[in-house]
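J.: What follows is a protein structure lacking sequence information:
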């Protein structure tokens, strides 16, 4: 497999076992099985955010306060400022520091961060020192709505805030809409700060079922209780039921051998469990790292675990459904 996702394995497809996420599910007649990262679940999620834009957050449909409040924004701003001061002390701050927020949503976090960061930055910066915060989202309509925010306009006018349409699952470049600058591989002298709050839990992940030394790829089918029932645009997952298949695989075939080794090591060390692997998040970070060439500072908060022992608690993916959905993030792998 190319490390950009799709199928992560070589499948024997002989050892099939079906496990349903709910008891007494109807037959999966209106949803074919697909590898978890390729299932229709993700297309439904993207469609929801494209249709609702900022309203998804403004009307409280998507939970966000935990990762968008003034306290966490202040903490991130202090870390980013400390990072910039370290770079300046090394004589490296001869280019703006770019702070890139993935999935900026309604812009609430960005606004609080901008207030905290630049009030401290202005107190210590030299006349030639600059920083630019870049809000990104994959949905063009969401990005377009940021420009009309009265709270954000002063930062845009000062050249301290810009926007870019950026799909974290595939994109490598960021075209800044106001400054007309293209951030591309090797274009940054300073490592960028990347902020990913409540983002990785919404990116595609690969699913494996581990059972001692055996590794199974997780496949998923979707069904509704009424075959004639249409998905609601506001609550697209309200009637969705999930069915999983485990398909025995003969070999992992990620392009990065370290990923294959890590999953194999999980299989040896963990009891039987479902394992989510953040391949798309890892690829996104690799592309963002290449903007500088070798380094990136990641600040991230999400539904997550970073302890190896906690990875073994799930027998099925712990999907949290609201108007959209989220999954736990395997920060141990990251």
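T.: It's in. Since the structure is predicted, the reported quantities are computational estimates derived from the model, not experimental observations.

J.: tell me the phi and psi of residue 267?
T.: Main-chain dihedrals, residue 267, degrees, to the nearest 10: phi -60, psi -30.

J.: quick one: it and residue 213 touch, right?
T.: Yes - here residue 267 lies in contact with residue 213, judged by Cβ atoms under 8 Å, at a distance of 6.0 Å. Using the backbone N, CA and C atoms, a C-beta is placed for each residue, glycine as well.

J.: between these two, which one's more packed in?
T.: residue 267 (21 against 8; other Cβ atoms under 10 Å).

J.: and that one, how far is that from residue 314?
T.: Using Cβ to Cβ, to the nearest Å, residue 267 is found at 15 Å from residue 314.

J.: repeat for residue 266
T.: For residue 266 relative to residue 314 (Cβ to Cβ), the value is 13 Å.

J.: Looking at these two, which has the bigger crowd around it?
T.: residue 266 (21 against 14).

J.: So, low pLDDT: which residues of the stretch 151-300 of the chain?
T.: Within the stretch 151-300 of the chain, the stretches with pLDDT under 70 are 224-236, 238.

J.: in the chain, which spans are helices?
T.: 40-52, 55-58, 65-68, 70-89, 108-124, 140-146, 153-157, 257-269, 279-289 (DSSP state H).

J.: among those, which is nearest residue 102?
T.: For residue 102, the closest of these is helix 279-289, at 7.4 Å, according to Cβ to Cβ.

J.: ok now that closest one, how far from the chain's centre?
T.: 9 Å (Cα atoms, centre = their mean, to the nearest Å).

J.: now stretch 151-163
T.: Its chain's C-alpha centre and that of stretch 151-163 lie 25 Å apart, by Cα atoms, centre = their mean.

J.: Can you point out the buried residues in that stretch?
T.: Within stretch 151-163, the residues that count as buried by 16 or more other Cβ atoms under 10 Å are 152, 155-156, 160-163.

J.: which among these gets closest to residue 106?
T.: residue 152 (10.9 Å).

J.: Please determine how far the closest one is located from residue 331.
T.: Plainly put, residue 152 is 30 Å away from residue 331 if you go by Cβ to Cβ.
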